[in-house]
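*Asks:* Quick one, what's the 3D model for this:
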Amino acid sequence: MAYFDILLPVKNGAAYLAEALDSLRVQTIGDWRLLLLDHGSTDRTLDIAESRARIDPRIRIHSLPQARGLSGLLNAGLDLCDAKYVVRHDADDIALPDRLQHTRDGFAAHPDGVALGGQLTQFDDQGRTLAQHPLPTAPGRITAAMLFCNPVAHPTVALRLDRLQALGARYGVAFGQGIPARPMPEFENLVEDYFLFGQLALWGLVANLPQRLIRYRMHSGGVGRQKFAAQMAASHAVSLHLAARLSEMHGTPAFDPTPFCNHGGMLYDLGDRGDFRAEYAALRTALQRTDMDRAGLRRELAYRRVLSQRSRPAMLARYAQFRSTHRPAMNEQTTVKLHLMGRKGPSAVLSQTLAAA
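*Replies:* Have a look, this model is predicted:
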């Protein structure tokens with residue numbers, strides 16, 4: 001049994017797979033096993049994987065072409081794991097040499113954590129480093145942010161396997177005690193990570209490390225670029241689910257997070273209306289009645305207040321006020337910039353039930 005099991009799902013990833021595997025083989029901690037989960041590749045992916053497996057027996061190849069979406073593939077991988085921690089890695093990213101060392105030290109610093117991510121360095125196909133956006137580190141801050149976007153970079157994440165299993169947590173499905181008996185969404189692709197981490201974050205079980213763990217490749221073949229609209233729609237569904245779940249857990253009034261969501265760095269298109277101060281008041285009232293970390297909540301509410309009025313003068317004034325006391329993180333500055341440039345995400349609809357209330 002290894003200390004780390006590394007899950008690497010891949011389908012037709014020959015272009016970058018060798019570099020990804022080689023970056024893991026030179027980790028400063030060598031007590032790991034890599035489970036390469038092939039989802040029916042038709043290019044040279046398996047040839048490359050087999051060549052590395054011949055020289056490094058820690059690499060194991062599993063052919064799972066019938067897995068149901070990425071969620072099914074990752075869940076099949078979890079079923080194969082028996083290490084203390086499960087590390088996620090993608091076939092087009094590069095692990096920094098001390099990634100596993102930082103992860104081991106990070107779990108020691110967060111003994112109650114179930115999911116632990118970290119920072120990343122984005123780069124393009126020409127190797128140029130792109131603008132970096134820091135991700136929040138404290139569990140309380142992550143819990144507050146998770147209602148509106150995903151503050152965790154999936155390819156940097158490691159999971160504490162025994163606690164994950166004890167919670168019945170899986171990719172793409174709802175889990176946890178007290179879930180009401182009604183149909184729940186399932187996500188096979190696109191936002192399976194956001195759904196998993198969002199539910200864990202409701203219990204304060206997610207943190208990010210301050211260290212950079214990987215080099216994250218931005219390229220035209222990435223899912224986020226190819227299926228942006230579908231990903232935005234699925235992310236909206238997760239935000240709605242998390243908001244409803246939070247209200248059920250704490251017995252607080254229902255609220256609609258839609259006007260304040262900025263998945264992909266963009267606000268949803270809500271038509272001609274630009275004043276959402278009433279929705280912000282409902283949001284603030286509900287969240288302040290939870291046991292959420294006060295400092296993290298105040299920080300999050302300060303930014304969501306910026307988005308409550310979408311006219312150019314109001315948003316600029318509120319963002320300037322926000323910047324005077326807070327350092328922008330994640331996609332916060334991008335969201336304001338794109339909105340002021342007239343860029344909008346897909347259309348969304350506010351909950352009429354909540355609006356009537």
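
*Asks:* From residue 67, how far off is residue 299?
*Replies:* 39 Å (Cβ to Cβ, to the nearest Å). Quick note: C-beta positions are derived from backbone N, CA and C, even for glycine.

*Asks:* With residue 335 instead?
*Replies:* Between residue 335 and residue 67 the distance is 34 Å, computed by Cβ to Cβ.

*Asks:* go on, residue 258?
*Replies:* Distance, residue 258 to residue 67, by Cβ to Cβ: 32 Å.

*Asks:* Please work out the average pLDDT along the helix ranked longest in the chain.
*Replies:* As far as residue count goes, and with DSSP state H defining each element, the longest helix of the chain is helix 228-250. Averaging pLDDT along helix 228-250 yields 93.

*Asks:* give me the low-pLDDT residue ranges for the stretch 201-350 of the chain?
*Replies:* 219-226 (pLDDT under 70).

*Asks:* Strands of that one, residue ranges please.
*Replies:* Listed from the start of the chain, the stretch 201-350 of the chain has strands (DSSP state E, counting those that start in this stretch) covering 206-217.

*Asks:* ok, the closest residue to residue 138 other than its chain neighbours - contacts?
*Replies:* Excluding its sequence neighbours, the residue lying closest to residue 138 (Cβ to Cβ, 6 or more residues apart in numbering) is residue 296, at 6.0 Å. Residues in contact with residue 296, defined by Cβ atoms under 8 Å, 6 or more residues apart in numbering, are 136, 138, 140-145.

*Asks:* Show me how far the longest helix of the chain is from its chain's centre.
*Replies:* Centroid separation between helix 228-250 and its chain, computed with Cα atoms, centre = their mean, to the nearest Å, is 13 Å.

*Asks:* How about stretch 303-312?
*Replies:* Its chain's C-alpha centre and that of stretch 303-312 lie 24 Å apart, by Cα atoms, centre = their mean.

*Asks:* Outside of it itself, list whatever touches it.
*Replies:* Stretch 303-312 has contacts (Cβ under 8 Å, 6+ apart) with 148, 259-260, 262, 267, 274-277, 279-280, 283, 315, 318-319, 322, 326, 332, 335-336, 339-340.

*Asks:* Quick one: neighbours of residue 30, just the number.
*Replies:* The burial metric for residue 30, expressed as a neighbour count using other Cβ atoms under 10 Å, is 12.

*Asks:* I'd guess it is in a strand, am I close?
*Replies:* No - counting by DSSP: H, G, I helix; E, B strand; the rest coil, residue 30 is not part of a strand but coil.

*Asks:* ok, the residue nearest to residue 113 when sequence neighbours are not counted - contacts?
*Replies:* Leaving aside its sequence neighbours, residue 113 sits nearest to residue 207 (Cβ to Cβ, 6+ apart; 5.1 Å). Counting by Cβ under 8 Å, 6+ apart, residue 207 touches 106, 110, 113, 115-117, 137-139, 142.

*Asks:* partners of residue 207 in the sheet?
*Replies:* For residue 207, the beta-bridge partners under DSSP bridges are residue 116.

*Asks:* same check, this time on residue 95
*Replies:* Under the criterion used (DSSP bridges), residue 95 bridges to residue 214.

*Asks:* follow-up on the earlier one: now which of the contacts of residue 207 would you call buried?
*Replies:* For these, a burial check counting by 16 or more other Cβ atoms under 10 Å picks out 106, 110, 113, 115-117, 137-139, 142.
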